[in-house]
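Participant: Sequence and predicted structure, then a few things I'm wondering about:
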Amino acid sequence: MKKNDTKCGKMAGLVCAAALLVPVVGYCSGDKFIDSDDYKAKDFKKCAIADYEGIVEGEEVNWEWIAPDAKLADYKVAIRKVENKSEKEKKSTTDFVKSTFQKVSGDLKAGKKAQTLNADVCIYDVQEYSPGKAWIPFVGGHQMQAGIGVEMVLSDKKNNTIAKFRHFAREGIRVEDATNEAAEDLFSYVEKH
């Protein structure tokens, strides 16, 4: 084998490897919410978040934005208000979301002298348990579970926005199960960041 053949073979291998990595790097960089199918869907509902610019896909929660240099784990969180803009505007659902979010946020391990962030929570979607979805290949068991979509905006005492989240959680056969899952996902994220 000639030296040039070896060089060409190595170069072709590097080009192929680089071509495979480009989509992975693009995916890992955090897709913007405003470019997503969720945002562009005809049934998209704005909720607690006034401006979706800067919100990117997260790992622990679906969509996230945190102010630069903000350390959420240093704060306590108080639930200021809960709205329900879903098609299932039951007062009982809104009340359960409020009490669940208050309980879970009260369990945060911020210091005793920590300042408090106010949380405005908005329910944008409620999906009841649907055993008919069990037939969907590979994901039916998950898709048939109850689900809830919420937006949560955290702001300081001067009403400056510190963080914005849009998250959908599925769990169990009751919307209450999904609500617990959503609250735990969001406040676990807050506690880690």
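Facilitator: Nice, I can see it.

Participant: wait, doesn't Arg170 sit right on Glu181?
Facilitator: Yes. Assessed by C-beta atoms under 8 Å, Arg170 is found in contact with Glu181 at 7.3 Å. Backbone N, C-alpha and C define where each C-beta goes, glycine included.

Participant: Which of those two has more residues huddled nearby?
Facilitator: Applying other C-beta atoms under 10 Å to Arg170 and Glu181 shows that Glu181 carries more neighbours, namely 21 against 18.

Participant: Please enumerate the strands of this structure.
Facilitator: Along the chain, counting by DSSP state E, strands occupy 56-57, 63-66, 76-84, 116-127, 147-155, 161-170.

Participant: any idea how far the closest residue to Gly149 other than its chain neighbours is from Lys45?
Facilitator: Setting aside the residues directly before and after it, Gly149 is nearest to Asp125 in space (C-beta to C-beta, 6 or more residues apart in numbering), at 3.6 Å. The gap separating Asp125 from Lys45 is 8 Å, by C-beta to C-beta, to the nearest Å.

Participant: Quick check: neighbours shared by the two?
Facilitator: Residues touching both Asp125 and Lys45 by C-beta atoms under 8 Å, 6 or more residues apart in numbering: Ser86.

Participant: For the residue lying closest to Lys103 once chain neighbours are set aside, which residues are in contact?
Facilitator: Among residues not flanking Lys103 along the chain, Ala183 sits closest, at 7.9 Å (C-beta to C-beta, 6+ apart). Residues in contact with Ala183 (C-beta under 8 Å, 6+ apart) are Thr100, Phe101, Lys103, Val104, Ser105.

Participant: Take these and write them to a markdown table, including neighbour count.
Facilitator: A markdown table is the format used below for those (neighbours: other C-beta atoms under 10 Å):
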| residue | neighbour count |
| --- | --- |
| Thr100 | 20 |
| Phe101 | 23 |
| Lys103 | 13 |
| Val104 | 21 |
| Ser105 | 23 |
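
Participant: Same list, those, but as CSV with pLDDT please.
Facilitator: Converted to CSV, the contacts of Ala183 look like this (pLDDT from 0 to 100):
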residue, pLDDT
Thr100, 97
Phe101, 97
Lys103, 96
Val104, 96
Ser105, 94
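
Participant: Please flag which of the residues you listed sit within helices.
Facilitator: Thr100, Phe101, Lys103, Val104, Ser105 (DSSP state H).

Participant: Show me the domain layout of the protein.
Facilitator: The chain resolves into domains spanning 1-29, 31-192 when parsed by automatic domain parsing.

Participant: Pick the most buried one from those.
Facilitator: When those are scored by mean count of other C-beta atoms under 10 Å, the highest mean neighbour count falls to domain 31-192 (a mean of 17).
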